[in-house]
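Asks: Got a predicted structure here, sequence first:
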Amino acid sequence: MKNHRFIGLALLTVLNALVVKAGPGAPDAEPPARKVKLELVTDRFISPVNMAVPNDGSGRLFFCQKEGKVWIVQNGKLFTTPFADVTDQMVKVNAAYDERGLLGMAFHPKFKQNRKVYLYYSAPVDKPVKGLNHKSKLVEYTVSASNPNVIDPKSERVLLELNQPESNHNGGQLEFGPDGYLYVGLGDGGGGGDKHGTIGNGQDLGTILGKIIRIDVNGTPYKVPADNPFVKTAGAKPEIWAYGLRNPWRFSFDKANGRLFTGDVGQNLYEEVDIIRKGGNYGWRIMEGYHDFNVPAGTDKSKLIAPIHEYDHDLGISITGGYVYRGSAIPSLKGLYVFGDYNGKAFVLIQNGSKWERADLQFSNRPADNLQILSWGQDEHGELYMLTSASTSNGFKGAVYKLVKD
């Protein structure tokens, strides 16, 4: 996400003249829009930025509130006690706009047996140091033995702490892959243009900033899988799975085939969707989408992996990656990649051979003109949820909606 382009959000959200920017070979016209309805799940907290489910048959939905708490909804009921509260361990965040906070959550694949859950949040640095804004923490907790709806705070185990030079581009997505390993999305360290170091963090294999990493949480503090692509590369961080990312704001695995889709937030001109491959270089800061951004002399761009889709800022301002729909309630979305933009617009990508075509995703009962799409979620059955915020006369108000058939 970006911290410098939301002053004009109210104007941007009413733009209707859309231009397809799908890269080389783009179609002349968009496919027809898909239409769904939104079913309110809860509107009782401010900034829902992440959803996770334990896949334990309970039907519980867990929502991370950026301000530091995790809430449970079960059978349409919001629990009154938070599942987790790390507010006191975090930096204080601004509800109106702050890219820091409680940003990610995931349940261990064997949660039913070991009751382990993982949180990613922004914490203060131990000692103020010039050039450091905060640190990102990846922490494991165990659910209380006496109450399955709260964590045991004393069970905290820190897996990873990472110094962050700026307040923005924190990534934060946590997902266990089909292989049982934990994948973590990390932004490039923030600021604009990835000006950290001589080549930028995104291209520097000596840092995990600007990367998606892959780790085995069943270690102390974790283990690096032996088949990670840079394990034997001198000077490279062995945790790295893919690199050249600016701010992967939400990624997900397709339930049908395991493909890893990522929405990577652009700089000032282009937003992109990538399919992440082992060891892949997705170009930032050399490229922004399909376009040159900062290309050093002699750079070989032939091995950079292009996005499957991009769109420009005539259409959006900051991409919010979503999910390939694998539910059963909305047949018109079957197999389509559902995603959105912070300015409130939502889309699907349709694979047509080697090309991906974008279509609008329209809501027949859209709740607000100033809706901001913060994130997406997927339940045990593959049904999708949209996590939002909107400015009101009383400040910002968050809401979670389930996508249902129109």
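Replies: Perfect, I can see it now.
Asks: What is the neighbour count of Leu371?
Replies: 24 (other Cβ atoms under 10 Å). C-beta: built from backbone N, CA, C; applies to glycine.
Asks: ok, now Val143?
Replies: That count, for Val143 with other Cβ under 10 Å as the rule, works out to 21.
Asks: Let me know the pLDDT of it.
Replies: At Val143, the pLDDT value in this model is 98.
Asks: Surely it touches Ile151?
Replies: Yes - using Cβ atoms under 8 Å, Val143 makes contact with Ile151 at a distance of 5.7 Å.
Asks: hey, what's in contact with both of the two?
Replies: Residues touching both Val143 and Ile151 (Cβ atoms under 8 Å, 6 or more residues apart in numbering) are Val117.
Asks: What segments of the chain are helices?
Replies: Listed from the start of the chain, the chain has helices (DSSP state H) covering 9-12, 111-114.
Asks: if you average pLDDT over each of those helices, which comes out lowest?
Replies: Lowest mean pLDDT within the helices of the chain: helix 9-12, a mean of 36.
Asks: what sits against the nearest residue to Lys405 once chain neighbours are set aside?
Replies: Of all residues not flanking Lys405 in the chain, Ile330 sits nearest, at 5.0 Å (Cβ to Cβ, 6 or more residues apart in numbering). Counting by Cβ under 8 Å, 6+ apart, Ile330 makes contact with 36, 403-405.
Asks: Columns neighbour count and pLDDT on top of the residues you listed, output as JSON lines?
Replies: Listed next are the contacts of Ile330 as JSON lines, based on neighbours: other Cβ atoms under 10 Å; pLDDT from 0 to 100:
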{"residue": "Val36", "neighbour count": "26", "pLDDT": "98"}
{"residue": "Leu403", "neighbour count": "23", "pLDDT": "98"}
{"residue": "Val404", "neighbour count": "15", "pLDDT": "98"}
{"residue": "Lys405", "neighbour count": "11", "pLDDT": "98"}
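Asks: Farthest-apart pair in those, please.
Replies: Leu403 and Lys405 (8.6 Å; Cβ to Cβ).
Asks: If we go by neighbour counts, what in the longest strand anywhere in the chain is buried?
Replies: As assigned by DSSP state E, the longest strand anywhere in the chain is strand 151-164. Residues of strand 151-164 classed as buried by neighbour count (16 or more other Cβ atoms under 10 Å): 151, 155, 159-160, 162, 164.
Asks: Same check on stretch 131-139?
Replies: Neighbour-count burial for stretch 131-139 [16+ other Cβ under 10 Å]: 133-139.
Asks: now swap in stretch 99-113 and tell me
Replies: 99-109, 111.
Asks: so of those, which ones are in strands?
Replies: Short answer: the buried residues of stretch 99-113 in strands (DSSP E) are 102-107.
Asks: Turn the residues you listed into TSV, columns for distance to Leu361.
Replies: Output for these, formatted as TSV (distance: Cβ to Cβ, whole Å):
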residue	distance to Leu361
Leu102	27
Leu103	24
Gly104	24
Met105	25
Ala106	26
Phe107	27
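Asks: Looking at those, which one is closest to Asp254?
Replies: Nearest to Asp254 among these is Ala106, at 16.7 Å by Cβ to Cβ.
Asks: Report whether the expected contact of that closest one with Val117 is present.
Replies: Yes - counting by Cβ under 8 Å, Ala106 sits close enough to Val117 to count as a contact (7.3 Å).
Asks: shared neighbours of these two, which are they?
Replies: In contact with both Ala106 and Val117: Ala52, using Cβ under 8 Å, 6+ apart.
Asks: Poorly predicted segments of the chain, please.
Replies: For the chain, the stretches flagged by pLDDT under 70 are 1-28, 95.
Asks: ok, for the residue positioned nearest the centre of it, nearest residue in space, not its chain neighbours?
Replies: Geometric centre of the chain, nearest residue: Arg250, 1.6 Å, by Cα atoms, centre = their mean. What sits nearest to Arg250 in space, not counting adjacent residues and going by Cβ to Cβ, 6+ apart, is Gly321, at 3.6 Å.
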